[in-house]
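Peer 1: predicted model, plus sequence, below.
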Amino acid sequence: MAYRMVLNETAWFGAGAIAHIVDEVNRRGYRKGLVVTDKVLRDCGVVDKVTTLLEDNHLEYALFDEVMPNPTIGVVKRGVEAFRHSRADYLLAIGGGSPQDTSKAIGIIINNPEFSDVRSLEGFAATRKPSVPIIAVPTTAGTAAEVTINYVITDEEKRRKFVCIDPHDIPVVSIVDADMMASMPAALKAATGIDALTHAIEGYITRGAWEMTDMLHLKAIELIARSLRDSVAGQSAGGEGMALAQYIAGMGFSNVGLGLVHGMAHPLGAFYNLPHGVANAILLPHVMAWNAEYTGEKYRQIAIALGISDARNVSIAQARQMAVDAVKTLCRDVHIPGGLREVGVNAEDIPPLAQAALDDVCTGGNPRTAEIDDIKALYLSAM
């Protein structure tokens, strides 16, 4: 069987890595960038760290700061028009998953105008041309959108999120600079960190997993277990560890897929505008427990990567429980909300949520086949 790996052409890591944006723009001969971000990052000065570099080096840019959490079809359409109006020739995505995903959709539509209906990008879109070049600068340590071939858009009219999977959308350059993530509030560091852990665990047990991605996902789990608590506490070493860990997880899951946690989290974002990381973090232990008997020895390796060395010498049933318990402990230590009811989810919405989760492209990668009644029961258990 043949396996494919799609990764960035170039990635820079470490404190101060954003300085290399100037080198990359000049080396590639780009003339003008459209900076895609949100107003919060602009107002708090994070975007200025990049735009000041551009200005100091006489690099032209325009600004599109209308991105919101769980970006919508309308935002993408406005971004496409902003790109055309700006006469830019590359995109500079600054932010978490939302600006990154918005940039991917903009870049794909600009170079593949036959997909101007944003809904047509859902699933495995048969685009013919690579996106407009994207330089991705993440400001959260979780989504790994800067290295993935996936993006997620919200259809407000139909109250649903849809996942787009396209190797043509991957950023040509990623700038993974922990200094750009340092100003995240603790709650956001926690939620995005458990999002990264979810990527690593689901990518490790998904149906498409293989040796190379297993290696990446286990290393990501190990780094997250070692770094997340310190990152949430504001320690710079923890932040550096999380910046790297979430990227490594993205290298893996982008190429093999995810599972039911993400399938169930996407509808929560569409229905309630619930931050994606929070939704994943609440659901992860529940879905892990439900999947446990369908994962062979992998939960033993997850437990060991999470720092539970005793998992080497116990039964597989005990090792599986250790893995689930270790995830619960980590979530509790970084103050993840205790259940879906706590973040405003209503039990009467479970039937349509479950149907949307069943239809989500991520759900098919789950190691255990889920029926709609299973998903309803999992939502109820997470309430």
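Peer 2: That came through, no problem.
Peer 1: does the most centrally placed residue in the chain sit in a helix, a strand or a coil?
Peer 2: In the chain, the residue lying closest to the centroid (CA atoms, centre = their mean) is residue 143, at 2.3 Å. Following DSSP: H, G, I helix; E, B strand; the rest coil, we place residue 143 in the coil state.
Peer 1: in contact with it, which residues?
Peer 2: Contacts of residue 143 were listed using CB atoms under 8 Å, 6 or more residues apart in numbering, and they are 96, 97, 100, 192, 195, 196, 246, 250, 276, 277. All C-beta atoms are positioned from the backbone trio N, CA, C, and that covers glycine.
Peer 1: which pLDDT does the model give it?
Peer 2: Looking at residue 143, its pLDDT is 91.
Peer 1: all strands for the stretch 151-300 of the chain, in order.
Peer 2: Counting by DSSP state E, counting those that start in this stretch, the stretch 151-300 of the chain has strands at residues 160-165, 173-176.
Peer 1: confidence score at the residue lying farthest from the centre of the chain?
Peer 2: Using CA atoms, centre = their mean, the residue of the chain lying farthest from its centre is residue 313. It sits 33.9 Å away. At residue 313, the predicted lDDT confidence score is 96.
Peer 1: likewise residue 100?
Peer 2: Residue 100 is assigned 96 on the pLDDT scale.
Peer 1: returning to what we had before: the residue farthest from the centre of the chain and residue 303, how far apart?
Peer 2: 11 Å (CB to CB, to the nearest Å).
Peer 1: please apply the same query to residue 286.
Peer 2: Taking CB to CB, one finds residue 286 at 17 Å from residue 303.
Peer 1: over to residue 364?
Peer 2: Distance from residue 364 to residue 303, by CB to CB: 26 Å.
Peer 1: ok, these two, which is more surrounded?
Peer 2: Neighbours were counted for residue 364 and for residue 303 using other CB atoms under 10 Å; residue 303 has more, 26 against 18.
Peer 1: tell me what the helix or strand the more buried one falls within is packed against?
Peer 2: In the assignment (DSSP states H and E), residue 303 maps to helix 298-305. Here helix 298-305 touches helix 186-205, helix 211-232, helix 316-333, going by 3 or more CB pairs under 8 Å, 6 or more residues apart in numbering; DSSP states H and E.
Peer 1: output those in CSV; the columns should cover distance to residue 293.
Peer 2: As requested, the helices and strands packed on helix 298-305 are exported to CSV (distance: least, CB to CB, whole Å):
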stretch, distance to residue 293
helix 186-205, 12
helix 211-232, 19
helix 316-333, 8
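Peer 1: which of those helices sits closest to residue 354?
Peer 2: For the helices and strands packed on helix 298-305, distance to residue 354 was read as CB to CB. The smallest value, 18.5 Å, belongs to helix 186-205.
Peer 1: tell me which strands and helices that closest one is in contact with?
Peer 2: Applying 3+ CB pairs under 8 Å, 6+ apart, one finds that helix 186-205 contacts helix 211-232, helix 236-256, helix 260-272, helix 276-291, helix 298-305, helix 316-333.
Peer 1: what's the angle between it and helix 298-305?
Peer 2: Orientation of helix 186-205 against helix 298-305 (axes from the mean of the first three to the mean of the last three CA atoms, to 10 degrees) gives an angle of 140 degrees.
Peer 1: going forward can the numbers begin at 466, since that is how I track them
Peer 2: In the new count, where the first residue is 466, that last one comes out as helix 651-670.
Peer 1: can I get helix 651-670 in CSV, CA atoms only?
Peer 2: Output in CSV follows, covering the C-alpha atoms of helix 651-670 (Å, rounded to 0.1, in the frame of the first residue of the first chain):
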residue,chain,number,x,y,z
ALA,A,651,-4.5,30.9,29.9
ALA,A,652,-8.0,29.5,29.0
LEU,A,653,-7.2,29.7,25.3
LYS,A,654,-3.8,28.1,25.8
ALA,A,655,-5.6,25.2,27.6
ALA,A,656,-8.3,24.8,25.0
THR,A,657,-6.0,24.9,22.0
GLY,A,658,-3.5,22.7,23.8
ILE,A,659,-6.1,20.0,24.3
ASP,A,660,-7.1,20.5,20.7
ALA,A,661,-3.6,19.6,19.7
LEU,A,662,-3.7,16.6,22.0
THR,A,663,-6.9,15.5,20.3
HIS,A,664,-5.3,15.8,16.9
ALA,A,665,-2.4,13.6,18.1
ILE,A,666,-4.6,11.0,19.8
GLU,A,667,-7.2,10.8,17.0
GLY,A,668,-4.5,10.8,14.3
TYR,A,669,-2.7,8.0,16.1
ILE,A,670,-5.8,5.7,16.3
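Peer 1: need the contact list for residue 476.
Peer 2: 611, 612, 638, 639, 640, 641, 712.
Peer 1: for those residues, which two are the farthest from each other?
Peer 2: 638 and 712 (13.0 Å).
Peer 1: nearest spatial neighbour of residue 678, chain-adjacent residues omitted?
Peer 2: Leaving aside its chain neighbours, residue 678 sits nearest to residue 717 (4.0 Å; criterion: CB to CB, 6 or more residues apart in numbering).
Peer 1: hmm, I was thinking of residue 756
Peer 2: Excluding the flanking residues, the one nearest residue 756 by CB to CB, 6+ apart is residue 833, at 5.0 Å.
Peer 1: quick check, that neighbour in a helix?
Peer 2: No - looking at residue 833 with three-state DSSP, it is coil, so not inside a helix.
Peer 1: check what pLDDT it gets.
Peer 2: Value for residue 833, per-residue pLDDT: 98.
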